[in-house]
Each structure stands twice: as structure tokens, then as C-alpha cells.
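Engineer: fold the following and give me the result.
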Amino acid sequence: MSTYANTVPVMERHRFDEASLGRYLKSQLDGYRGGLEVRQFDSGHSNPTFFVSAEMAGGRRRDFVLRKKPPGKLVASAHQVDREFRVISALAKTDVPVAPAHLLCADDSVIGQMFYLMDAVQGRILVNPAMPDQTPAERTAIFDSMNDVLARLHKVDFQKVGLGDYGRTGQYVARQVSRWSRQYAELKTEDIPAMDRLSAWLPENIPDDGDPTTIVHGDYRLGNLVVHPTEPRIVAVLDWELSTLGHPLCDIAYNCLGYHLPEPPHGYATVDLRKLGLPTENDYVAAYCRRVGRPSIANWNFYLAFSLFRLAAIAQGVYRRGLDGNAANPDSIKMSRSARERAELAWSLVS
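Structural biologist: Coordinates of the predicted model:
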């Protein structure tokens with residue numbers, strides 16, 4: 001039996017012409033024979049994601065995942081599914097586990113928006129880091145695998161895999177603060193003083209740490225990883241929408257935000273880490289440093305605050321799309337407090 005994340009019938013606002021998709025796949029996907037079945041994954045707030053099953057040559061069925069831009073008016077720099085397709089295609093040549101990508105369609109006339117198709121990787125999406133169905137030893141192994149995969153990503157030679165122009169090198173944090181400040185201002189629905197303070201404070205306090213550049217995922221967390229169906233290891237990294245060339249310490253800091261967020265399922269600041277078999281934040285960061293050959297991370301709270309600021313801006317965008325009715329997830333409207341909470345937590349770490 002196939003093991004994937006939960007799916008639901010395609011939501012009304014995300015329906016598209018499945019017959020048109022079938023005609024396109026017949027002309028573009030080797031071995032496609034028809035029998036198209038489409039359902040929608042019930043998670044994700046940005047790019048709508050669909051489970052696609054089709055009959056292939058030889059009468060066997062094969063499972064795929066389709067990701068597309070959402071409908072409606074979009075922020076110009078967001079929802080670039082073509083970038084997702086490019087990075088996972090490049091990383092397929094490395095030891096970073098990704099879903100094999102098959103095709104990118106930039107023709108909006110097919111299903112209404114740009115989309116790409118990749119393999120559906122069997123496994124489990126364990127959104128809650130407490131992982132109630134796992135043993136302490138399994139939780140330890142899954143966190144260690146998550147740490148290892150991130151280190152592998154940051155060690156990829158982006159020039160060698162053809163991603164030398166995937167983003168700008170240098171001054172990543174400064175550019176990101178500027179970008180997310182603009183996007184927050186464009187999509188804000190109320191005044192959040194902590195966001196204003198962070199917008200001014202962060203660019204004035206960027207650490208002088210050599211400004212390294214690697215491929216960064218941008219949303220690296222347990223919920224964006226596929227865990228092997230039965231083994232405690234990561235078999236695919238998902239949701240590359242925010243990936244670019246950037247500062248690796250921003251990725252590891254973002255990955256550690258759960259240690260500071262109290263609310264489940266993403267936060268675990270209040271749980272008994274030892275009882276669950278989860279590493280402490282210090283141990284987790286130390287393991288990452290060993291893997292990438294870094295002695296330690298100075299100015300850790302800066303990177304945490306930056307990551308929370310960025311997350312607050314993203315949450316504001318998700319909430320605004322929910323108000324506008326074009327969010328990928330119907331629960332987006334529930335994120336009305338997230339931007340403020342993230343911003344206030346960020347400011348508390350550096351003030």
C-alpha cells in the first residue's frame with residue numbers, strides 16, 4: 001500500500017481542467033496512457049499541491065505530485081514553481097534526497113497556471129516534532145537524519161550542479177530583510193510595532209562572519225521532509241519555493257525555531273526533550289557544525305531573530321491571501337495572530 005501525506009478532493013477554488021492536463025501529459029510524459037486521477041494534498045499554504053495517479057505503459061499505475069501557482073493576483077517574487085523545478089532537477093545529481101522531477105509547463109492555457117510534475121515519494125510526513133507514534137530512539141534518528149540532510153545541502157557545490165546563477169552571492173541577510181520588509185508592508189493588515197523595530201534593527205546588526213554562500217532551502221523543517229515508510233531516515237526534501245543562494249546559518253537557525261515556539265505542532269519549546277529522545281538545541285547545532293566543518297556559530301540569536309522576522313512576514317502574506325480568498329489552505333485565515341507573535345518573539349531575542 002502506498003504511503004503518502006493526506007489528500008482530499010480538489011478544492012473548489014483550485015479546480016482545473018483535468019482533461020486538458022491529460023492531453024498535455026499524453027504529449028509530454030513518456031509512457032502516459034490515461035486514467036488520470038487527481039486529489040489535493042490538505043497541507044501547504046502557498047503553492048497548491050496535488051496527488052496525480054495515472055496509467056502508464058504496461059498497464060501499471062504510477063503516482064506523481066503536481067505543484068502549481070495559486071490562482072488570483074500574486075506577489076511578483078513569490079510562487080515561482082519554475083525555480084522549484086530547477087533546483088530539484090539539479091539536486092537529483094547530488095546526495096541530497098529529492099523527488100525526481102519530470103516536466104515543467106509554463107503554458108497557462110493547460111490548467112490555468114504554471115506547474116511542474118515530479119514523482120510521489122512514498123513515506124511519512126511527520127509534522128509534529130513530538131512524533132507521538134515513534135519511539136525515543138526513532139525520534140533521535142529522524143532528527144539526526146534531518147540534521148545530516150541539511151548539512152549535505154549546504155555542502156553542495158552550487159556552481160558544479162549548474163546553480164551558479166540561482167541567486168546572488170553575498171549580502172543575503174541584508175537583501176532578505178529588505179525583501180520581506182517590502183512584502184510585509186505590501187500585505188500588512190494591521191500595525192505590528194515589533195516588525196517595524198526589526199526592519200530597522202536587523203540591517204544595522206548583521207554579523208561580520210565572512211558572508212558564506214550555499215544553496216539554502218528557506219523553509220527547512222520536519223513538515224517539509226518525507227520520512228521513509230518504516231525506517232527513521234529522510235528520503236526526500238519538499239517545498240523548495242523559498243530556496244536560493246544564501247547564508248547557510250539562516251537555514252539552520254530557521255530549522256531550530258521549534259525550540260523557541262511553544263505551540264504545537266511546529267513548536268516544542270515546552271516539551272521534555274530528553275523523554276522524547278530529541279536533542280537539545282545546543283546538541284543539534286553542534287552536530288550540524290561538525291558535519292559542515294564549522295567550530296561554532298557566533299551571534300546565534302541574530303539568526304534566530306532574522307528567521308522569525310522572515311517567518312512573520314510570510315505568515316502575514318498567508319493571512320492576507322486567506323482574506324483575499326486565494327490561499328492554498330483554507331486554514332490560512334486562522335493565521336491572523338502569527339505575524340505579531342513571531343515578530344514579538346524575534347524582538348525579545350535581541351532587545
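
Engineer: what segments of this protein are strands?
Structural biologist: For the chain, the strands defined by DSSP state E occupy 7-8, 32-41, 49-56, 61-68, 101-105, 115-119, 214-216, 225-227, 234-237, 244-246.

Engineer: want to try a markdown table for those strands, with mean neighbour count as columns?
Structural biologist: (C-beta placed from N, C-alpha, C; glycine too.) Listed next are these as a markdown table, based on neighbours: other Cβ atoms under 10 Å:
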| stretch | mean neighbour count |
| --- | --- |
| strand 7-8 | 13 |
| strand 32-41 | 16 |
| strand 49-56 | 19 |
| strand 61-68 | 20 |
| strand 101-105 | 18 |
| strand 115-119 | 22 |
| strand 214-216 | 24 |
| strand 225-227 | 24 |
| strand 234-237 | 23 |
| strand 244-246 | 21 |
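
Engineer: got those as TSV, with distance to Asp191 columns?
Structural biologist: Below are the strands of the chain laid out as TSV (distance: least, Cβ to Cβ, whole Å):
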stretch	distance to Asp191
strand 7-8	36
strand 32-41	35
strand 49-56	33
strand 61-68	34
strand 101-105	40
strand 115-119	37
strand 214-216	30
strand 225-227	36
strand 234-237	36
strand 244-246	29
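
Engineer: skip the chain neighbours and tell me the closest residue to Val161.
Structural biologist: Ranked by Cβ to Cβ, 6 or more residues apart in numbering and with sequence neighbours excluded, the top spatial neighbour of Val161 is Ala90, at 4.5 Å.

Engineer: pretty sure Leu163 is one of the things the one you found touches, is it not?
Structural biologist: Yes - if you go by Cβ atoms under 8 Å, Ala90 and Leu163 touch, sitting 5.2 Å apart.

Engineer: so who does Gly35 touch?
Structural biologist: Counting by Cβ atoms under 8 Å, 6 or more residues apart in numbering, Gly35 makes contact with Ser53, Ala54, Glu55, Arg61.

Engineer: what are the buried residues along the lengthiest helix in the chain?
Structural biologist: Using DSSP state H to assign secondary structure, the helix with the most residues in the chain is helix 300-324. By 16 or more other Cβ atoms under 10 Å, the buried positions in helix 300-324 come out as 300, 302-322.

Engineer: and Asn47, how many neighbours does it have?
Structural biologist: Asn47 has 21 neighbours, counted by other Cβ atoms under 10 Å.
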